[in-house]
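> quick one: sequence and predicted model below, then my questions.
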Amino acid sequence: MEVTKKKEQEAQGQEGKKPEIDPAIIEQLMKDYQRPEDLTGPGGIMEQLTKRLYERVLGAEMTHYLGYEKGQAPTADQPRENHRNGTSKKTIVSEDGKLKIEVPRDRAGEFEPQFIRKGQRRFGGFDSKIIAMYAQGMRVREIKAFLEEQYKVEVSADLISTVTDSVMEDVVEWQNRPLERMYSKEFASFGF
């Protein structure tokens, strides 16, 4: 199976490469941008592209869930009991700051997106950054100040505590795990 897949890729000249963005598209996007803030600042091209990408993925998930494209007419052999029902606004916090997106809804309220789940407010390794800072000994107040300074995101102390508390049970379990005999003897010689 793997050999067949590799032969197909080689025949197509892909050899595992991801498609590249056409430089003309990049030039077209960049033509009206003059300063670095126009590219990476609030409302800049990166934020706009990220927003559209996230919304496009969520829209594709809705299409897959419902089984038909947006604006497609119902067919006789495929009756629809559920339909699209607009969007709802959601703000997510990522490593680049806050981003407001529109999440598609269905009339039955049963659609569960996987890319950005219901109730999810953080995206892209944000929790792992908080946990890493906490593990290095930073206090909640210090983590809060760092996130505001570096990412321009105001995060509540409660959120930071919730994230760190979510792993505390695992940490305590790991710290109290039974050690293999060879470790027990070595630590005993150190007075542990």
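Nice, thanks for sending it over.
> any low-confidence regions in the protein?
Scanning the chain for pLDDT under 70 picks out 1-16, 18, 74-79, 170-171, 179-192.
> mind checking the longest helix of it?
helix 45-66 (DSSP state H).
> start to end distance for stretch 152-160?
Distance between the two ends of stretch 152-160: 15 Å, counting by Cα to Cα, to the nearest Å.
> hey, C-alpha coordinates of stretch 63-70 in PDB?
Only the C-alpha atoms of stretch 63-70 are listed here, as PDB (Å, rounded to 0.1, in the frame of the first residue of the first chain):
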ATOM      1  CA  THR A  63     -20.700  20.800   4.800                       C
ATOM      2  CA  HIS A  64     -19.400  17.400   5.700                       C
ATOM      3  CA  TYR A  65     -21.800  17.100   8.600                       C
ATOM      4  CA  LEU A  66     -24.900  18.100   6.700                       C
ATOM      5  CA  GLY A  67     -23.900  16.300   3.500                       C
ATOM      6  CA  TYR A  68     -24.500  19.200   1.100                       C
ATOM      7  CA  GLU A  69     -22.700  22.400   0.000                       C
ATOM      8  CA  LYS A  70     -23.900  25.800   1.100                       C
END
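> can you give me the strands in the protein?
Taking DSSP state E, the strands of the chain run over residues 84-94, 97-106.
> so which of these is the most surrounded?
Burial of the strands of the chain is given as mean neighbour count (mean count of other Cβ atoms under 10 Å); strand 97-106 ranks first at a mean of 16. Every residue, glycine included, has its C-beta placed from N, CA and C.
> who touches the closest residue to Gly125 other than its chain neighbours in this structure?
Leaving aside its sequence neighbours, Gly125 sits nearest to Glu95 (Cβ to Cβ, 6 or more residues apart in numbering; 6.3 Å). Applying Cβ atoms under 8 Å, 6 or more residues apart in numbering to Glu95 gives the contacts Gly124, Gly125, Phe126, Lys129, Tyr151.
> picking that back up, residues of the longest helix of the chain that come out buried?
Within helix 45-66, the residues scored as buried using 16 or more other Cβ atoms under 10 Å are Ile45, Glu47, Thr50, Tyr54, Glu55, Leu58, Gly59, Glu61, Met62, Tyr65, Leu66.
> kindly reformat the residues you listed as JSON lines containing distance to Glu102.
Shown next, in JSON lines, are the buried residues of helix 45-66 (distance: Cβ to Cβ, whole Å):
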{"residue": "Ile45", "distance to Glu102": "19"}
{"residue": "Glu47", "distance to Glu102": "14"}
{"residue": "Thr50", "distance to Glu102": "13"}
{"residue": "Tyr54", "distance to Glu102": "9"}
{"residue": "Glu55", "distance to Glu102": "6"}
{"residue": "Leu58", "distance to Glu102": "8"}
{"residue": "Gly59", "distance to Glu102": "9"}
{"residue": "Glu61", "distance to Glu102": "13"}
{"residue": "Met62", "distance to Glu102": "11"}
{"residue": "Tyr65", "distance to Glu102": "16"}
{"residue": "Leu66", "distance to Glu102": "17"}
